[in-house]
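Novice: Compute the structure for the input listed below.
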Amino acid sequence: MRVIAGTYKSRILKSLKGLALRPTSDRLRETLFNVLAPNIAGSGFVDLFAGTGAIGIEALSRGAAEVVFIENHAPAATLIRRNLESLGINTGVTVLAVDALRGLAMLASRKQHSTPGFDYIFLDPPYAAVEEYPRVLEFLGSAELLAPGAVVVAEHSRKFDLREEAGALQRFRVLRQGDAALSFYRRRGAVGGENNSAE
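Specialist: From the prediction side, this is the model:
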């Protein structure tokens with residue numbers, strides 16, 4: 001598994017052996033960042049259910065100012081730290097080895113009203129853990145974590161569709177590729193919404 005573009009392009013990332021993690025495919029990662037790329041530089045990014053950290057590291061490689069990795073599986077959290085260390089990344093990153101909702105609650109309690117919030121939140125729970133999607137999306141819709149116009153992206157099985165609305169979040173785009181899909185959400189009424197589309 002390699003970083004696709006940016007500062008750390010072609011650098012190799014380690015993964016865990018076995019089936020403990022299901023990393024986002026390189027192709028889907030490239031599709032995701034083709035969509036997000038114009039606004040990644042200088043952004044705040046949260047990689048939820050971070051696994052190997054490949055998504056958050058890709059965001060850093062493309063110029064994100066801050067990335068928070070939230071991963072409850074201890075060996076995976078250790079792996080993220082090793083991947084960051086191997087790339088020499090030691091600023092602008094936080095690894096929280098806690099449950100997704102607990103990690104988000106920690107970020108929400110830490111956030112000051114004067115700070116703008118996060119621009120992107122990516123979530124990729126195990127496909128079998130379907131209950132995680134509404135829990136996390138509804139929390140994100142109600143917590144004061146998102147910057148104005150922030151985008152929440154959920155990776156999920158193509159066979160399992162997510163709700164059009166989750167709390168204050170409204171889905172505005174779906175991209176399907178192979179067995180996977182990406183659903184893009186924004187707060188209802190947020191500036192910069194796009195038409196619903198599927199590819």
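
Novice: need the strands for the chain, in chain order.
Specialist: Ranges of strands in the chain, per DSSP state E, are 44-48, 66-70, 93-96, 118-123, 146-157, 165-166, 169-177, 180-187.

Novice: most neighbours per residue, which of these?
Specialist: Greatest average neighbour count among those goes to strand 44-48 (a mean of 27), per mean count of other CB atoms under 10 Å. C-betas here are computed from N, CA, C, even on glycine.

Novice: if we can go back for a sec, now the strands of the chain in TSV, with distance to L104 and mean pLDDT?
Specialist: Formatted as TSV, those follow (distance: least, CB to CB, whole Å; pLDDT from 0 to 100):
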stretch	distance to L104	mean pLDDT
strand 44-48	8	97
strand 66-70	7	97
strand 93-96	9	97
strand 118-123	8	97
strand 146-157	11	94
strand 165-166	14	91
strand 169-177	13	95
strand 180-187	15	95
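
Novice: hey, what's the residue nearest to the spatial centre of the chain bridged with?
Specialist: Against the mean C-alpha coordinate of the chain, by CA atoms, centre = their mean, the closest residue is F122 at 1.8 Å. Listed by DSSP bridges, the beta-bridge partners for F122 are D47, V153.

Novice: about what we covered before: kindly present the strands of the chain as a markdown table, with separate columns for distance to T24.
Specialist: Listed next are those as a markdown table, based on distance: least, CB to CB, whole Å:
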| stretch | distance to T24 |
| --- | --- |
| strand 44-48 | 10 |
| strand 66-70 | 14 |
| strand 93-96 | 18 |
| strand 118-123 | 9 |
| strand 146-157 | 6 |
| strand 165-166 | 21 |
| strand 169-177 | 10 |
| strand 180-187 | 8 |
